[in-house]
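Student: I'd like to go over a predicted model; first the sequence, then the structure.
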Amino acid sequence: MTNLKSLKKYFVRYKTKIFWGILFILISNGFSTYIPILIKDVINDLHKTVTQQTLINYGLLIAGTSLIAGVFRFLIRQTIIVVSREIEFDLRQDFWAHIQRLPLRYFQNNSTGNIMAHATNDINAVRMFIGPAVMYTIDTGIRFLIVLWIMLSIDVSVTLYSLLPLPFLSYMIYVIGKKIHARFTAIQEKFSELTTKAQENYSGMRVIKSYVREESEIDEFATLSKDYLHRNMKLVKIQALFQPILFLITGLSIIIVIWVGGSEVINNKLMLGDVTALIIYLGMLIWPIIAFGWVINIIQQAEASMKRLNKILAEPFEIVETEETDFSLKDLKGKITFRNVSFSYQEHLPKVLNNINLEIPVGTTLAIMGLTGAGKTTMINLLPRLYDVTDGEILLDDKPINKIPLATLRKQIGFVQQETFLFSDSIANNLTYGLREHNGDKMMTASRIAQFDKDVKDFPNGYETIIGERGITLSGGQKQRATIARSLVIDPKILILDDSFSAVDTHTEEEILKNLKLFMKERTSIIISHRISTVKDADKIVVLDKGTIAEEGTHNELLSLNKLYADIYYKQLLEKEIEEFN
């Protein structure tokens with residue numbers, strides 16, 4: 001129950017409803033356990049002179065008592081079970097909010113399918129503990145005590161004899177419960193693998209079909225499914241022991257009551273109605289005992305699931321606001337300074353960036369070039385604090401970025417990442433994703449600058465056209481221009497384009513850059529590209545090599561150095577001449 005203790009705050013939140021639920025349980029059990037007493041009195045009175053009216057009165061009393069017990073049974077579900085759904089909602093929201101604040105590093109090390117399994121199966125298992133398990137624990141506990149007290153008041157010796165098999169039952173529940181916990185944990189782990197496999201297949205369907213790997217993927221999924229089935233069957237087999245053991249032990253208890261109680265009736269120490277009541281009460285104990293076993297099962301599953309959830313909820317937020325954060329900052333101008341910045345993804349890994357010193361004035365365009373793995377994308381990921389620097393500091397408008405509120409910082413940055421991502425939604429909703437409210441004028445302006453408006457006109461429903469998952473219905477160039485437009489809609493003070501023209505033809509690229517020059521006149525731009533044509537007009541070009549600045553200057557200055565940048569330039573020039581010749 002160690003992991004389930006973390007649910008305490010949710011129970012406290014709904015303590016009033018839970019209180020009423022427990023009160024309704026008391027009232028319902030009070031009336032339902034009174035019915036066997038009425039039946040006992042009826043049977044005992046049969047030895048006397050009983051009138052028709054007496055039987056009718058008993059019948060009406062039993063029916064009325066049952067009705068009241070049923071009404072309060074309904075109210076129990078309207079309180080405790082409803083609370084379980086509300087806590088499930090709160091837990092899911094807290095889980096989602098926590099996931100949203102986790103650093104990119106976490107998502108790089110954990111599969112999407114695994115996280116999805118936590119958000120579905122694990123939370124549902126915990127909900128079963130919060131609702132049915134808690135309700136039946138309280139309900140059966142109270143009923144057990146009331147019934148036991150009444151049985152002892154009828155006859156102590158018969159009651160004690162009937163309870164002799166129960167210690168054995170408790171031991172069996174303990175042993176089987178431990179096995180259920182272990183096997184349910186194994187099932188949830190395999191379910192995560194299965195979900196991951198399915199998610200990767202759906203996302204990578206084009207790759208699967210391109211390489212004709214359908215049969216292979218079907219076989220691999222079947223293997224995972226069989227393993228999942230096998231683990232479920234192992235759990236089902238151990239769960240199947242509960243019912244026979246429970247009915248066997250409760251059956252033994254009933255036999256004892258009939259044997260011992262019958263002897264008492266023969267010896268005139270008990271009346272037939274008393275023995276009948278004891279058998280009915282013992283029957284009432286059967287459900288609490290069965291429910292207890294079922295509850296143990298649910299608790300073990302919930303414990304395993306909550307352990308997995310707590311592991312995620314305990315993940316620290318690397319990118320956080322502190323006491324030093326200046327929440328008065330609401331706007332930025334766009335001056336960027338890198339001061340002795342170094343970065344490593346893990347402590348034991350080599351540095352990706354090493355001692356970067358750079359200043360980008362407001363209203364200028366910086367271009368970053370370099371070979372693959374030089375650290376270009378890593379460098380710009382530090383600006384919106386997708387990662388924090390390992391050493392040194394980055395300043396915006398001469399203020400350390402870790403003292404700027406995250407919302408303020410990121411709202412000022414239009415970021416077009418290397419890997420384009422669009423939601424399965426309308427084009428309009430994708431383009432205005434960064435806005436609180438839809439703004440058609442800003443959307444149109446951004447589309448025009450990104451040279452995307454001409455494409456939209458050809459779509460069947462214009463801006464209301466629904467695009468497929470990840471924008472699959474768009475071409476590579478259209479997706480890049482759509483993401484450029486999305487970054488411009490928010491009217492950023494800083495624009496970052498990370499290799500955002502790789503799928504765009506050179507003519508369209510020139511038009512976009514020309515439009516951007518006007519739009520970003522008093523703003524700061526950072527462009528990463530492998531094309532010289534994209535970066536040659538930048539105010540400053542930086543060439544990264546193995547995480548350090550190898551060269552910096554204007555296009556002409558770098559050509560005059562005749563080093564890495566010049567080498568890239570002449571190679572691309574030669575490639576262009578060969579293309580034109582062919």
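Tutor: Great, that's in hand. Since the model is a prediction, treat every value here as computed from it, not as a measurement. Numbers count the residues shown, from 1 in each chain.
Student: start to end distance for stretch 411-427?
Tutor: Stretch 411-427 has an end-to-end distance of 21 Å (C-alpha to C-alpha, to the nearest Å).
Student: quick one: average confidence on stretch 332-347?
Tutor: What stretch 332-347 shows for mean pLDDT is 88.
Student: Now do the same contact list for Ile249.
Tutor: By C-beta atoms under 8 Å, 6 or more residues apart in numbering, Ile249 lies in contact with Pro165, Leu166, Phe168, Leu169, Ile289. For every residue, glycine as well, the C-beta is placed using N, CA and C.
Student: Most neighbours among these, please name it.
Tutor: Ile289 (21 neighbours; other C-beta atoms under 10 Å).
Student: can you pull the buried residues of the helix or strand where Gly262 lies?
Tutor: Using DSSP states H and E, Gly262 sits in helix 262-266. Buried positions in helix 262-266, judged by neighbour count with 16 or more other C-beta atoms under 10 Å: Glu264.
Student: and what of stretch 70-82?
Tutor: Phe72, Arg73, Leu75, Ile76, Thr79, Ile80, Ile81.
Student: From the rest of the structure, what touches it?
Tutor: 17-18, 20-21, 24-25, 27-28, 31-32, 131-132, 134-135, 138-139.
Student: how far is it from where the chain is centred?
Tutor: Relative to its parent chain, stretch 70-82 has a centroid offset of 30 Å by C-alpha atoms, centre = their mean, to the nearest Å.
Student: What are the structural domain limits within the protein?
Tutor: Here the domain parsing of the chain from automatic domain parsing is 3-313, 319-412+493-582, 424-491.
Student: returning to what we had before: which pair in the contacts of stretch 70-82 spans the largest distance?
Tutor: Greatest spatial distance among those (C-beta to C-beta): Phe31 and Gly131, at 22.9 Å.
Student: So the two - more neighbours on which side?
Tutor: Ranked by neighbour count (other C-beta under 10 Å), Phe31 and Gly131 place Gly131 first, with 21 against 18.
Student: The more buried one reaches Asn124, doesn't it?
Tutor: No. The pair Gly131 / Asn124 is not scored as a contact, 10.7 Å apart, by C-beta atoms under 8 Å.
Student: For the helix or strand containing Leu558, buried residues please.
Tutor: Leu558 belongs to helix 555-561 when assigned by DSSP H and E. Buried residues in helix 555-561, counted by 16+ other C-beta under 10 Å: His555, Leu558, Leu559.
Student: Can you say which of the domains of the chain is nearest to Gln418?
Tutor: Comparing those under C-beta to C-beta, the one sitting nearest is domain 319-412+493-582, at 4.5 Å.
Student: How far away from the center of its chain is the closest one?
Tutor: On C-alpha atoms, centre = their mean, the centre of domain 319-412+493-582 falls 33 Å from the chain's centre.
Student: ditto for stretch 142-152
Tutor: Distance, centroid of stretch 142-152 to centroid of chain: 43 Å (C-alpha atoms, centre = their mean).
Student: For that stretch, what does the pLDDT average out to?
Tutor: 85.
Student: So which bits of that stretch are buried?
Tutor: So for stretch 142-152, counting by 16+ other C-beta under 10 Å, buried means Ile142, Arg143, Phe144, Ile146, Val147, Ile150, Met151.
Student: Let me see the residues that make contact with it.
Tutor: Contacts for stretch 142-152 (C-beta under 8 Å, 6+ apart): 25-26, 29-30, 32-33, 36-37, 158-159, 162-163, 277-278, 281-282, 284-285, 287-288.
Student: try 6 Å
Tutor: Residues outside stretch 142-152 that contact it (C-beta atoms under 6 Å, 6 or more residues apart in numbering): Ile25, Asn29, Thr33, Thr159, Leu278, Tyr281, Met284, Leu285, Pro288.
Student: And stretch 325-332, by the same measure?
Tutor: So stretch 325-332 is contacted by Leu396, Asp397, Lys403, Ile404, Pro405, Thr408, Gln412, Lys493 (C-beta under 6 Å, 6+ apart).
Student: Which ones among those map onto helices?
Tutor: Residues of the contacts of stretch 325-332 located in helices (DSSP state H): Thr408.
Student: out of the contacts of stretch 325-332, which are buried?
Tutor: With burial judged by 16+ other C-beta under 10 Å, the buried subset of those is Leu396, Asp397, Lys403, Ile404, Thr408, Gln412, Lys493.
Student: Could you work out the most separated pair of these?
Tutor: Lys403 and Lys493 (17.2 Å).
Student: How about the secondary structure of Leu497?
Tutor: strand (DSSP: H, G, I helix; E, B strand; the rest coil).
Student: Settle this for me: it is touching Ser525, isn't it.
Tutor: No. In this structure Leu497 lies outside contact range of Ser525 using C-beta atoms under 6 Å: 7.4 Å.
Student: Between those two, which is the more surrounded one?
Tutor: Neighbours were counted for Leu497 and for Ser525 using other C-beta under 10 Å; Leu497 has more, 27 against 24.
Student: Give the bridge partners for that one, please.
Tutor: Judged by DSSP bridges, the bridge partners of Leu497 are Val416, Ile527.
Student: can you tell me how far it sits from Gly476?
Tutor: 15 Å (C-beta to C-beta, to the nearest Å).
Student: Tabulate the CA atom coordinates of stretch 503-511 in CSV.
Tutor: The C-alpha coordinates for stretch 503-511 follow below in CSV (Å, rounded to 0.1, in the frame of the first residue of the first chain):
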residue,chain,number,x,y,z
ALA,A,503,12.2,20.7,-49.1
VAL,A,504,11.6,24.2,-50.7
ASP,A,505,12.8,25.0,-54.2
THR,A,506,15.4,27.8,-54.5
HIS,A,507,13.0,30.3,-56.2
THR,A,508,10.4,29.9,-53.4
GLU,A,509,13.1,30.1,-50.8
GLU,A,510,14.3,33.4,-52.3
GLU,A,511,10.8,34.9,-52.1
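Student: Can you point out the buried residues in that stretch?
Tutor: Val504, Thr508, Glu509, Glu510.
Student: For that stretch, give me every contacting residue.
Tutor: Gln451, Gly476, Gly477, Gln480, Phe501.
Student: can I assume Arg92 sits in a helix?
Tutor: Yes. Counting by three-state DSSP, Arg92 falls inside a helix.
Student: so what's it closest to, chain neighbours aside?
Tutor: Ile123 (5.5 Å; C-beta to C-beta, 6 or more residues apart in numbering).
Student: With Trp96 instead?
Tutor: Using C-beta to C-beta, 6+ apart, the closest residue to Trp96 is Ala119 (7.3 Å).
Student: Could you do Arg486 as well?
Tutor: That would be Leu431: by C-beta to C-beta, 6+ apart, it lies 5.2 Å from Arg486.
Student: can you pull the contacts of that neighbour?
Tutor: Taking C-beta under 6 Å, 6+ apart, one finds Met443, Ala485, Arg486, Val489 in contact with Leu431.
Student: tell me the two of the residues you listed that are most distant?
Tutor: Most distant of the contacts of Leu431, by C-beta to C-beta, are Met443 and Arg486, 9.2 Å apart.
Student: quick one, which of the two is more surrounded?
Tutor: For Met443 versus Arg486, neighbours defined as other C-beta under 10 Å are more numerous around Arg486 (27 against 24).
Student: Can you say which helix or strand has the more buried one in it?
Tutor: Per DSSP H and E: helix 476-489 holds Arg486.
Student: returning to that earlier point: now, of the contacts of stretch 70-82, which are buried?
Tutor: 18, 20-21, 24-25, 27-28, 31-32, 131-132, 134-135, 138-139.
Student: and which of those is nearest to Gly373?
Tutor: The closest of the buried ones among the contacts of stretch 70-82 to Gly373 turns out to be Gly131 (C-beta to C-beta; 52.1 Å).
Student: Looking at the buried ones among the contacts of stretch 70-82, which is nearest Asn110?
Tutor: So of the buried ones among the contacts of stretch 70-82, ranked by how close each gets to Asn110 (C-beta to C-beta), first place is Gly131, at 28.9 Å.
Student: Next, the closest one: secondary structure please.
Tutor: Going by three-state DSSP: Gly131 is helix.
Student: that older thread, are any of the contacts of stretch 142-152 buried, and which?
Tutor: Applying 16+ other C-beta under 10 Å to the contacts of stretch 142-152 flags Ile25, Asn29, Thr33, Thr159, Leu278, Tyr281, Met284, Leu285, Pro288 as buried.
Student: That's all I had, so thanks and see you.
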